[in-house]
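> Need coordinates for the below:
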Amino acid sequence: MYIHLGGDKIIRSSELVAIFDISIEKSSKISKQYVTYAKQEKNIEQIGEEEAKSIVVTKSTVYYSPISSATLKKRANVLTEI
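The predicted structure follows:
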């Protein structure tokens with residue numbers, strides 16, 4: 001199954017590791033360190049032109065998505081219920 005992250009970006013649900021609200025980037029020291037590391041490794045992708053509302057972590061890339069974390073979590077949960 002697949003999850004639409006916004007814009008034209010779709011990922012396989014099997015690649016999904018975590019979905020976070022964008023506010024975690026400012027409030028958690030560990031998440032700041034992880035995002036800094038991902039930026040250094042060039043494993044970050046901004047989806048679309050809109051302001052990011054969530055961070056989606058996959059096995060290979062960190063995505064900044066314009067879709068809220070609540071909406072993305074609902075989409076992911078729909079896939080696990082099938």
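> Grab the nearest non-local neighbour of the residue nearest the centre of the chain.
Taking C-alpha atoms, centre = their mean as the criterion, residue 56 is the residue nearest the geometric centre of the chain, at 1.1 Å. Taking C-beta to C-beta, 6 or more residues apart in numbering, and ignoring the residues beside it in sequence, residue 56 has residue 63 as its nearest neighbour in space, at 4.3 Å. Placement of C-beta: from N, CA and C, glycine included.
> do the same with residue 48
Leaving aside its sequence neighbours, residue 48 is closest to residue 7 (4.0 Å, by C-beta to C-beta, 6+ apart).
> ok, that neighbour touching residue 52?
No. Proximity of residue 7 to residue 52 does not meet the contact threshold set by C-beta atoms under 8 Å, at 11.4 Å.
> what touches both of these two?
residue 66 (C-beta atoms under 8 Å, 6 or more residues apart in numbering).
> ok, and the helix or strand in this structure with the lowest average confidence?
When the helices and strands of the chain are scored by mean pLDDT, DSSP states H and E, helix 69-81 comes last with a mean of 78.
> Give me the contacts around stretch 1-19.
Under the criterion C-beta under 8 Å, 6+ apart, residues 45, 47-48, 50, 54-60, 63, 65-67, 69, 72-73, 75-76, 79, 82 lie in contact with stretch 1-19.
> Dump it to CSV, restricted to CA.
Coordinates of the C-alpha atoms in stretch 1-19 are reproduced here as CSV (Å, rounded to 0.1, in the frame of the first residue of the first chain):
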residue,chain,number,x,y,z
MET,A,1,0.0,0.0,0.0
TYR,A,2,1.0,3.6,-0.4
ILE,A,3,0.6,6.9,1.5
HIS,A,4,0.2,10.3,-0.2
LEU,A,5,2.4,12.8,1.6
GLY,A,6,1.3,15.9,-0.4
GLY,A,7,2.2,17.3,-3.8
ASP,A,8,3.3,14.5,-6.0
LYS,A,9,5.0,12.5,-3.3
ILE,A,10,3.8,9.0,-2.5
ILE,A,11,5.7,6.5,-0.4
ARG,A,12,5.3,2.8,0.3
SER,A,13,3.7,2.2,3.7
SER,A,14,6.4,-0.4,4.4
GLU,A,15,9.0,2.4,4.2
LEU,A,16,7.3,4.5,6.9
VAL,A,17,9.1,4.7,10.2
ALA,A,18,7.4,7.7,12.0
ILE,A,19,5.1,10.7,11.5
